[in-house]
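Peer 1: the sequence and its predicted three-dimensional model are supplied below.
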Amino acid sequence: AKERGRNQHQFYTSELSARAQRRYAIEKNLRRALLQNEFFLLYQPKIALRSGRIVGVEALVRWQSADHGVIEPNDFIPIAEDTGLIVPIGQWVLEQACRQAAQWQQLMPDLRMAVNFSPRQFQDDTLVKQIGATLQSTALAPDALVVEITESLLMGDSTKLTPVFEALLALGVGISIDDFGTGYSSLSYLQRFPIDNIKIDRSFIDGIPGNRDSVALTQAIIAMAHALEMSVTAEGVELESQMRFLKDAGCDEMQGFYFSRPISAEAFESLLRQTKAR
Ligand code: C2E
Ligand code: CA
Ligand code: CA
Ligand code: CA
C-alpha cells in the first residue's frame, strides 16, 4: 500500500507539473503574442428588433498563433486572467475596437461598439483613465462605447466599484451586463450601479419558444429591465422563431448566428455599406 501511495503521489505530481508546464508555455506564448501583434478582432452585429437595423457591434478577440492557428478566447482568456496578461491584452482590444468604431461611424454615425472586460481589469486603478485616454486618442465619442461586464464583477467590493462606475457614467460610456441570469449575485446591484443594458444569456434563448420556463424567465427579465429603464439584448439568437418571439416580447436588440456570426472587420464593413445602400 505504501508503494502504491508513492506511485500515486508521483503520478499526481507529474500530472500537475505537466499542466503547470502547459500553462507556463501558453503564458510565455501569450507574452510573445502581445509583442508580435498576434491578436485580432472579429465583430458581431447587434440588431434592433423593431427596425431590423444594425445598431451596434461587439468586438471578440482571437489569437492567431504561429504554432496552433487561430485560438478561441475560451482557450486563452482564462490563462490571461490568471496571469494578469488580460490587462495589456484588454488594453490592446479596447484601442483596436475604438479605432475601428471611429472609422465605421463615418458610415453609421450612431453605431455603438461593445468591448468585453474581465473583472481583473477593474482591479487596475488606472482603468477609467485609460479608457478616457483611448477614447481621446482614437477620437471616438464616449457614448459610442459600451463596456460589457459579467455579474461576477458586481459581487466584489462595491465601495471600490461604485466610484469606477460613476466615473464611467460621467465619461458617458455605456455599461452592459453580459450573460445575465447565470451569475449568483443578488439583483440589488441593478439598483446600486448605473447599468444601461442587460444581455440575456444564451442558455435562456436556447429554450425559446418551446420551453415554458425559458419563455417565462425571458419575459420577466425584459419586463424588469424596462421597469428599471434599461434596454435588453438577447444573445445567441439562432432561429427565426426565437427572433419573432423576442420581437413580440418587446426585447430591444438581438445578437446571434441567425443574423450573423462574428465576422472580420472587412466583412462587417461591407455589411454596413449594404445596409446603408438599402
Ligand atoms: P461572450 O462575451 O458572452 O460572447 C458571446 C460568445 O457567443 C462569442 O464566443 C460568440 O461567438 C458566441 N455566439 C454569438 N452568437 C452565437 C449564437 O447564435 N450561437 C452560439 N452558439 N454562439 C454564439 P467567443 O467569440 O468564442 O467568445 C467567448 C467568450 O470569450 C466571450 O463570451 C467573452 O466572455 C470572452 N471574450 C471574447 N473576447 C474578449 C475580450 O476581448 N476580452 C475579454 N475579457 N473577454 C473576451
Ligand atoms: Ca460579451
Ligand atoms: Ca454573453
Ligand atoms: Ca460568456
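Peer 2: Noted; the coordinates are in hand. Ligands and ions are numbered 1, 2, ... in the order given.
Peer 1: now for residue 139, how many residues are close by?
Peer 2: Using other Cβ atoms under 10 Å, residue 139 is surrounded by 11 other residues. From N, CA and C alone the C-beta is placed, and that goes for glycine too.
Peer 1: sorry, slip of the keys, the one I care about is residue 72.
Peer 2: Each residue near residue 72 was counted by other Cβ under 10 Å, and the total is 11.
Peer 1: so what secondary structure elements neighbour the helix or strand hosting residue 159?
Peer 2: Here residue 159 sits within helix 158-171, counting by DSSP states H and E. Applying 3 or more Cβ pairs under 8 Å, 6 or more residues apart in numbering; DSSP states H and E, one finds that helix 158-171 makes contact with helix 127-138, strand 174-180, helix 189-192.
Peer 1: hmm, 7 Å instead?
Peer 2: helix 127-138 (3 or more Cβ pairs under 7 Å, 6 or more residues apart in numbering; DSSP states H and E).
Peer 1: other SSEs contacting the helix it packs on?
Peer 2: Other helices and strands packing on helix 127-138, by 3+ Cβ pairs under 7 Å, 6+ apart, are helix 86-104, helix 158-171.
Peer 1: average pLDDT across it?
Peer 2: Average pLDDT, helix 127-138: 97.
Peer 1: deepest in the core, which of the helices and strands packed on helix 127-138 is it.
Peer 2: Comparing these by mean neighbour count (mean count of other Cβ atoms under 10 Å), helix 86-104 ranks first with a mean of 20.
Peer 1: can you list contacts of the helix or strand following that helix?
Peer 2: For helix 86-104, the succeeding helix or strand toward the C-terminus, using DSSP H and E, is strand 112-116. Contacts made with strand 112-116 from outside it, assessed by Cβ atoms under 7 Å, 6 or more residues apart in numbering, are listed as 55-59, 93-94, 97-98, 101, 144-148, 174, 176, 178.
Peer 1: with mean pLDDT and distance to residue 191 added, can I get the helices and strands packed on helix 127-138 in a markdown table?
Peer 2: Converted to a markdown table, the helices and strands packed on helix 127-138 look like this (pLDDT from 0 to 100; distance: least, Cβ to Cβ, whole Å):
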| stretch | mean pLDDT | distance to residue 191 |
| --- | --- | --- |
| helix 86-104 | 98 | 28 |
| helix 158-171 | 91 | 11 |
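Peer 1: next, see if stretch 196-207 gets close to ligand 2.
Peer 2: No. Using Cβ under 5 Å from the ion, stretch 196-207 never reaches ligand 2; the gap is at least 6.7 Å.
Peer 1: can you give the distance of that stretch from its chain's centre?
Peer 2: Counting by Cα atoms, centre = their mean, to the nearest Å, stretch 196-207 is centred 13 Å from the centre of its parent chain.
Peer 1: cool, and stretch 96-104?
Peer 2: Chain-centre distance of stretch 96-104: 16 Å, with Cα atoms, centre = their mean.
Peer 1: what does stretch 33-43 give?
Peer 2: Relative to its chain's centre, stretch 33-43 lies at 16 Å (Cα atoms, centre = their mean).
Peer 1: who touches it?
Peer 2: Here stretch 33-43 has contacts from 57, 59-65, 88-89, 92-93, 96-97, 262-265, 268, using Cβ under 7 Å, 6+ apart.
Peer 1: check whether it contacts ligand 1.
Peer 2: No. Shown here: stretch 33-43 not in contact with ligand 1 (Cβ under 6 Å from any ligand atom), separated by at least 6.7 Å.
Peer 1: list the buried residues of that stretch.
Peer 2: The neighbour-count check on stretch 33-43 (16 or more other Cβ atoms under 10 Å) flags 33, 34, 38, 39, 41, 42, 43 as buried.
Peer 1: among the residues you listed, which ones are in helices?
Peer 2: The helices, defined by DSSP state H, take in 33, 34 from these.
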